[in-house]
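Asker: I'll drop the sequence and a predicted model, then ask my questions.
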Amino acid sequence: MFTDETTLLSSLLTDPRMREALRSSSQTFITKHALNDSLSAFVLSLDLDQLDKQAECLIQKRFSEVKMLLPRTIAQLGKEAWCRFSEYATRYWPRGHRRHLLDAVQFGNYCFARSQPFDRCEWSCLQFLLGSNRFSMQWFKLDSPWHYALLIQWRYQGICYFRWFSNQAPTHPENHSP
Amino acid sequence: MMLSGLGFRPPLAEWIRSRPSEIECLEITAEHFFDGGQEQLQWLSEHYPLFIHGLGLSLGSPGTLDSETLRHFSQVVEQSDPMWISEHIAFTQTNEHDLGHLNPVRPTHSNLITLADHARQLSDLCAKPLILENITSYLRLSGEMSEPEFLNTLCSQADCGLLLDVTNLFINAQNHQFDPVEWLHQIEPAVIKQLHIVGYAQRDGQFHDWHDAPIQEDLWELLEAVLEYAPVEACIIERDGGFPARNDLQKDLLRMKDIAHVYR
């Protein structure tokens, strides 16, 4: 039961099935959600193409943030990256000021659960950023049996630092600010 | 005199720390300092005039503001002693969802009351002047008044100023086909206190606010129109991507200062 325009609009923007239902029959949509006169008028006044575009923009903005946090995973996913992300993103809306980090970690989990390409090392960096540990040291086996990497992370005055040692070219950022 | 500056972003930190003369002020995104970085914030506040900018307070959502976000925001303000604070004329969350980015509110009397109440609450809590920013949106919502009328009334009722995002105005004007200068001239000039500007992007026949490009010529023209019209006190280049961008930013800042000398 919707009581205000903002909550209704928010649901429309986050749920593609609701937008599809509205597009297929606005009257059925109004009846199903028992919208009052004012909310019915609001729904009828919406430009549905613009609504779809705004909803897509929200996912695109999340994707661009996640792309910066998981560059290797996104590169490994290649052309599939946007498809996989948009598939994932409508099911999970992270909350709060750490939402981009949460989003990236969850997207990593999503890829891992579906056996999609996924870079465990950069995912671990994000886990460290999200946590409160002051120090962490992890070994990673890379793409071949003789390639290993050591990831050392520490937190100092609210800033997290990363050092990455491997017998492959370094591809990770040297530090992340809060 | 108008101050020219940048939105502080970690990839620009080293350059900013070298105190280049073209950067006269900085805008800090409050959320970036919710989890630490107080030493850095203190250094910045000792060396630059600051403005604190909010992203996630969702002033346009009905109901109460999120108390945790408010507490974090006011702590950043207290630690940095900015000249003023700013937020958006938008909603980003409801009780059910955090949409993560800015969404439009309909220009209605009811939304005016919500926004003005929340704006006054924020300004009172932080004990700082507040300015509110226009957003860009693919979704255009019609209401009980025009957007400029809504903004003028909001600034008057909330006793706040306007942070006019020149790029957002330009993008909305292109995507929704209206004249940005005509729109501008409907805004009360005295309320326009600060500006945002950054290059736009174009794809699939639409304009986008991806914040990763140098400022284009048509934006400079609109900036000049704004400076000719309103007593702007500060202008911030809001670059979020396409780093390293130091050369672009230096050029844009110098050009901005030249324009400001003509009009301010």
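Answerer: In hand now; what should we look at? Keep in mind the model is a prediction, meaning the values are calculated, not measured.

Asker: number of nearby residues for residue 118?
Answerer: In the absence of a named chain, this looks at chain A. By the other C-beta atoms under 10 Å in any protein chain shown criterion, the neighbourhood of A:Phe118 contains 20 residues. Heads up, the C-betas are built off the backbone N, CA and C, glycines and all.

Asker: wrong one, I was asking about chain B
Answerer: Using other C-beta under 10 Å, B:His118 has 24 other residues around it.

Asker: which residues lie in contact with it in this structure?
Answerer: Neighbour list for B:His118: B:Leu57, B:Leu59, B:Gly60, B:Leu65 [criterion: C-beta atoms under 8 Å, 6 or more residues apart in numbering or on different chains].

Asker: show me which pair in those is furthest apart.
Answerer: Pairwise distances across these peak at 10.7 Å for B:Gly60 and B:Leu65 (criterion: C-beta to C-beta).

Asker: circling back to that earlier point, out of the contacts of B:His118, which end up buried?
Answerer: Among the contacts of B:His118, those that count as buried by neighbour count (16 or more other C-beta atoms under 10 Å in any protein chain shown) are B:Leu57, B:Leu59, B:Gly60, B:Leu65.

Asker: spell out which parts of chain A neighbour chain B.
Answerer: A:4-7, A:9-11, A:13-14, A:42, A:45-47, A:50-51, A:53-54, A:57-58, A:61-62, A:64, A:68, A:93-100, A:103, A:157-159, A:176-178 (C-beta under 8 Å from any C-beta of the partner chain).

Asker: could you look up the SS state of A:Trp139?
Answerer: strand (DSSP: H, G, I helix; E, B strand; the rest coil).

Asker: hmm, it is touching A:Ile152, no?
Answerer: No - judged on C-beta atoms under 8 Å, A:Trp139 makes no contact with A:Ile152 at a distance of 10.5 Å.

Asker: these two: who's more crowded?
Answerer: Counted by other C-beta under 10 Å, A:Trp139 and A:Ile152 do not tie: A:Ile152 has more neighbours, with 13 against 8.

Asker: next up, the contacts around B:Leu169.
Answerer: Neighbouring residues of B:Leu169 by C-beta under 8 Å, 6+ apart: B:Asn134, B:Pro180, B:Trp183, B:Leu184, B:Leu222.

Asker: so which of the residues you listed wins on neighbours?
Answerer: Ranked by neighbour count (other C-beta under 10 Å), the contacts of B:Leu169 have B:Asn134 at the top, with 24 neighbours.

Asker: so what's that residue scoring on pLDDT?
Answerer: Predicted confidence (pLDDT) for B:Asn134: 98.

Asker: look up phi and psi at the closest residue to B:Ala260 other than its chain neighbours.
Answerer: In space, and not counting its chain neighbours, B:Ala260 is closest to B:Met2: 4.3 Å by C-beta to C-beta, 6 or more residues apart in numbering or on different chains. Phi and psi for B:Met2, reported as degrees, to the nearest 10, are phi -100, psi 130.

Asker: residue boundaries of the helices in the stretch 51-200 of chain B?
Answerer: For the stretch 51-200 of chain B, the helices defined by DSSP state H, counting those that start in this stretch occupy B:67-80, B:109-126, B:147-158, B:166-176, B:180-184.

Asker: can you put those in JSON lines and add mean pLDDT and distance to B:Asp240?
Answerer: Formatted as JSON lines, the helices of the stretch 51-200 of chain B follow (pLDDT from 0 to 100; distance: least, C-beta to C-beta, whole Å):
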{"stretch": "helix B:67-80", "mean pLDDT": "97", "distance to B:Asp240": "19"}
{"stretch": "helix B:109-126", "mean pLDDT": "98", "distance to B:Asp240": "23"}
{"stretch": "helix B:147-158", "mean pLDDT": "98", "distance to B:Asp240": "24"}
{"stretch": "helix B:166-176", "mean pLDDT": "98", "distance to B:Asp240": "12"}
{"stretch": "helix B:180-184", "mean pLDDT": "98", "distance to B:Asp240": "22"}
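
Asker: out of these, which one sits most buried?
Answerer: Stretch with highest mean neighbour count among the helices of the stretch 51-200 of chain B: helix B:166-176 (a mean of 21; mean count of other C-beta atoms under 10 Å in any protein chain shown).

Asker: could you tell me the angle between it and helix B:147-158?
Answerer: Helix B:166-176 and helix B:147-158 are oriented at 140 degrees to each other (axes from the mean of the first three to the mean of the last three C-alpha atoms, to 10 degrees).
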